[in-house]
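> test case, fold it:
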Amino acid sequence: MLLLHGYPQTHAMWHLVAPALAEDFTIVATDLRGYGDSSKPFGKEDHSTYSKRAMAADQATVMESLGFDSFAVVGHDRGARVGHRMALDFPDRVTKLAVLDVVPTRHVFETVGKDLATAYYHWFFFIQPYDLPETLIGADPAYYLRKKLGSWGTPLETFAPEVLAEYERCFDAATIHASCEDYRAAASIDLIHDERDWDEARKVEHPLLALWGGRGVMEKTYDVEAVWREYATDVTGKPLDAGRFLAEERPGETTRELRDFLNADPA
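You can find the predicted model right below:
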C-alpha cells in the first residue's frame with residue numbers, strides 16, 4: 001500500500017495510521033516531489049515539473065524499484081490528486097484508490113464559488129506568477145504553515161509536537177516554491193490532462209473510497225460521493241467526524257475505514 005500525503009505536510013502525517021495498517025499490509029509512505037526530503041527541482045515555465053502526471057510517475061517508479069507490480073494507493077489532499085492520476089495513467093498497477101478530503105481538481109475549478117474560494121483562497125494565491133507567493137510566504141514560513149494547518153476545521157493542537165516540528169523543518173524556501181508550482185500545475189497543465197480524460201470519458205475503473213471531514217469544507221460544499229461517481233465507476237464514501245486532517249484527528253476511524261475497504265474483495 002502506498003500512502004501519499006497532502007499540503008503542507010510530509011509522509012509523517014501517517015504516523016498514527018501506518019503502524020496499524022502495517023499489521024495487514026506492506027506500507028510505503030513517501031514524500032511527494034517538492035515536499036519533505038524529496039528532491040525539489042525548480043519549476044519549468046509550463047509547470048510540467050510538478051504536474052500530477054510527473055508526480056504520479058515518480059511514485060510508480062518508487063513502487064517498481066521496491067518490487068511492487070501492483071498496489072493500493074491512499075492519498076490525502078495533494079496526494080489524493082496524485083493518486084487519482086496514478087489510477088488513470090497506471091491502471092494495471094493500481095488495485096484500489098482511497099482519496100481523503102478531496103473532489104477532483106477539474107471539478108473544483110468548474111464549480112468554485114465564493115464560499116469555496118474563501119476557504120481555499122490559497123489555490124488562487126499560490127498560482128500567482130513566481131515569485132509573489134514564494135516571497136510573501138517566505139517572510140514567515142512557520143506562521144504561514146501553522147495558519148494553514150489550523151484553518152480547515154482541525155485544531156492546531158491536534159498535531160503531535162514532534163510531527164509539527166517536522167513539518168516546519170521541511171517547509172523551507174525550496175518546498176515553498178515547489179508547493180506553489182504544484183498548485184500552478186493544477187490550474188494549468190493538469191487541467192489539460194484532466195479535460196482530455198473527461199472528453200474521452202476515461203474514469204477510474206478500480207474500487208474507490210472517498211472519506212472526508214464532516215466538519216470541513218468538502219462536506220459544506222459538495223456531495224462528495226456523488227461527485228466522485230462522475231469520475232470513477234465503483235465509488236463508496238462517507239464523512240468522518242473531523243475537519244481536514246482525518247489521519248491525525250481521527251486515526252482510529254480512518255484506519256478502520258481504510259482496512260475494511262482494502263481488505264474487501266472486489267465486487
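> from here on, contacts and neighbour counts on C-alpha atoms
Noted.
> separation between the closest residue to W14 other than its chain neighbours and D37?
Using Cα to Cα, 6 or more residues apart in numbering and skipping the chain neighbours, the partner closest in space to W14 is A247 (6.4 Å). Distance, A247 to D37, by Cα to Cα, to the nearest Å: 21 Å.
> same check, this time on G43
17 Å.
> of the two, who's got more company?
G43 (21 against 15; other Cα atoms under 10 Å).
> verify the stated contact: that one with S51.
No. With contact defined as Cα atoms under 8 Å, G43 and S51 do not form a contacting pair (9.9 Å).
> number of residues surrounding D58?
So D58, with other Cα under 10 Å, has 16 neighbours.
> pLDDT score assigned to the nearest residue to it once chain neighbours are set aside?
In space, and not counting its chain neighbours, D58 is closest to R33: 7.6 Å by Cα to Cα, 6+ apart. Note for R33: predicted pLDDT of 98.
> now R33: which helix or strand?
Take DSSP states H and E as the rule and R33 turns out to sit in neither a helix nor a strand.
> in a helix, M63, correct?
Yes. The assignment for M63 is a helix, going by DSSP: H, G, I helix; E, B strand; the rest coil.
> re earlier: which element is the residue nearest to W14 on?
Element membership of A247, judged by DSSP H and E, is helix 246-249.
> packing partners for that helix?
Other helices and strands packing on helix 246-249, by 3 or more Cα pairs under 8 Å, 6 or more residues apart in numbering; DSSP states H and E, are helix 251-263.
> state the mean pLDDT of the helix it packs on.
pLDDT averaged over helix 251-263 gives 97.
> show me the contact partners of it.
L16, V17, A20, L21, A72, K96, A98, L209, L240, L246, A247 (Cα atoms under 8 Å, 6 or more residues apart in numbering).
> all strands for this protein, in order.
Here the chain has its strands, by DSSP state E, at 2-4, 28-30, 71-76, 94-100, 204-213, 232-240.
> distance between the third one and the chain's centre?
A distance of 10 Å separates the C-alpha centroid of strand 71-76 from that of its chain, computed with Cα atoms, centre = their mean, to the nearest Å.
> cool, the fifth one as well?
Using Cα atoms, centre = their mean, the mean C-alpha position of strand 204-213 is found 13 Å from that of the whole chain.
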